[in-house]
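# Below is the structure, and that's it, no one-letter string:
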């Protein structure tokens, strides 16, 4: 974040491209940096305390007040619970922030940081109002926020405090479904520009401003979305964010979740287990982080067919001192259901242990004869044959599994198609392989659909902005 040097109460200096480092030792700056470090660790109470300290050290200054609101916004979004219709901390904080920004602008109408605070606070409120279902108010706030942010960038094009919310608004406003775009005039939503938004976010991520980590995380999330499909690049950006915020359970959890979506269960297990060892259960916030990480470990173990490990991780979640949020309870229920679906196939899978080639274990053929309509044994037979280097035979079994999979769970239907694509690819049938990957990518609720998109290797038109993850110079 760049701040006009003449504003003595705001001790962060003006910068070009958001690259100027903060003034060492300045009380407001130290408090803000401390708050941001805590925020990126998911320690919302400590983050709020740091930002409130910065606000007390600089009475009436809009920037510290904005960070107080920003912290509360983070907490509400990551709570994985419905946003309350009224939240005094956020709602009153936004009003105080807007009042401080407007007072500064009355004295100096072209004050870029004050304009950035004004627009940024309105964009945050727009987001929460949309989550509350107040779409008309959300549209009003977004339109006002965009206007203020554009004015701020007109004064200082490198102000990352304006670039970050402007980039997010530009990107996501352009990516809403067409049916929503048609409702824009009714709800006063502004239009967007995805390519511009992505460039703005990348500029923030590659800079030295306070929003560099938030920019990096948002960039990683966008690079891994269904529009850009740049999954390896997204992992690189997440890892850079983790390098700058070592031990963050939030960032490690995001990496592990993406690895699960890519079907890379061994890597996900390593990522999440390492994060769990550095996340003590020393308070409600840390306990919730551990719940999230253990649910991730359970899903990775299940994807790797280590059902006993998955169940033990679920038991550890239940034993924790904190009750699960509605979102985590929903995840827990989904995992329990999928484990139950997989358990009958575990005996068959056990017979594969240590078998890299040769005949298909008799237990699988017996299970197929016992229930010809069960897709799981045929899937496991195809999986075994593919791992044994027999793709042509694997395709036969997987094709039979696909026929039997009518009405099967999403995970089974999806992996049948992914493995069929891999078998076709090994046989050199690239067109047929892509057809299987495309089908897998469209299966609703298939958690590893992004693995199919990764195999398709069809990056989005703006994916160039995801390339070359690097630390700021």
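Arrived safely, thanks for sending. Keep in mind it's a predicted model, so treat the numbers as computed, not measured. Residues are numbered from 1 along each chain as shown.
# Quick one: low-confidence residue ranges for the stretch 51-200 of the chain.
Residues of the stretch 51-200 of the chain that meet the criterion pLDDT under 70 lie in 80-81, 175-191.
# Would you map the helices across it?
In the stretch 51-200 of the chain, the helices defined using DSSP state H, counting those that start in this stretch lie at 62-78, 88-107, 112-131, 135-155, 160-175, 178-181, 184-187, 194-205.
# quick one: terminal-to-terminal distance for stretch 76-94?
End-to-end distance for stretch 76-94, by Cα to Cα, to the nearest Å: 14 Å.
# Give the buried residues for that stretch.
76, 83, 87, 90, 93, 94 (16 or more other Cβ atoms under 10 Å). In this view, the C-beta of every residue, glycine as well, is placed from N, C-alpha and C.
# any residues touching it, and which ones?
42, 65, 68-69, 72-73, 121, 124-125, 127-128, 131-132, 250, 325-328 (Cβ atoms under 8 Å, 6 or more residues apart in numbering).
# picking up where we left off before, select, out of the helices of the stretch 51-200 of the chain, the one closest to residue 381.
helix 160-175 (41.1 Å; Cβ to Cβ).
# mind giving me a markdown table with the helices of the stretch 51-200 of the chain and columns for distance to residue 400?
Output for these, formatted as a markdown table (distance: least, Cβ to Cβ, whole Å):
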| stretch | distance to residue 400 |
| --- | --- |
| helix 62-78 | 44 |
| helix 88-107 | 55 |
| helix 112-131 | 45 |
| helix 135-155 | 48 |
| helix 160-175 | 39 |
| helix 178-181 | 39 |
| helix 184-187 | 49 |
| helix 194-205 | 43 |
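# Nearest to residue 333, out of these?
helix 62-78 (20.5 Å).
# was I right about residue 331 contacting residue 295?
Yes: applying Cβ atoms under 8 Å, one finds residue 331 in contact with residue 295, separated by 5.3 Å.
# When these two are compared, which one has more neighbours?
Higher neighbour count among residue 331 and residue 295: residue 295, with 24 against 20, using other Cβ atoms under 10 Å.
# Surely that one is in contact with residue 315?
No: if you go by Cβ under 8 Å, residue 295 and residue 315 don't touch, sitting 11.8 Å apart.
# And residue 333, which helix or strand is it part of?
helix 326-342 (DSSP states H and E).
# Tell me the buried residues in that helix?
328, 331, 332, 335, 338, 339, 342.
# Not counting residues beside it along the chain, what's closest to the first one?
Yep, that's residue 328 we're talking about. The spatial neighbour of residue 328 that comes closest, neighbours along the chain excluded (Cβ to Cβ, 6 or more residues apart in numbering), is residue 291 at 5.9 Å.
# I'd like the average pLDDT over the helix or strand that contains the one you found.
Using DSSP H and E, the element containing residue 291 is helix 284-303. The average pLDDT within helix 284-303 is 92.
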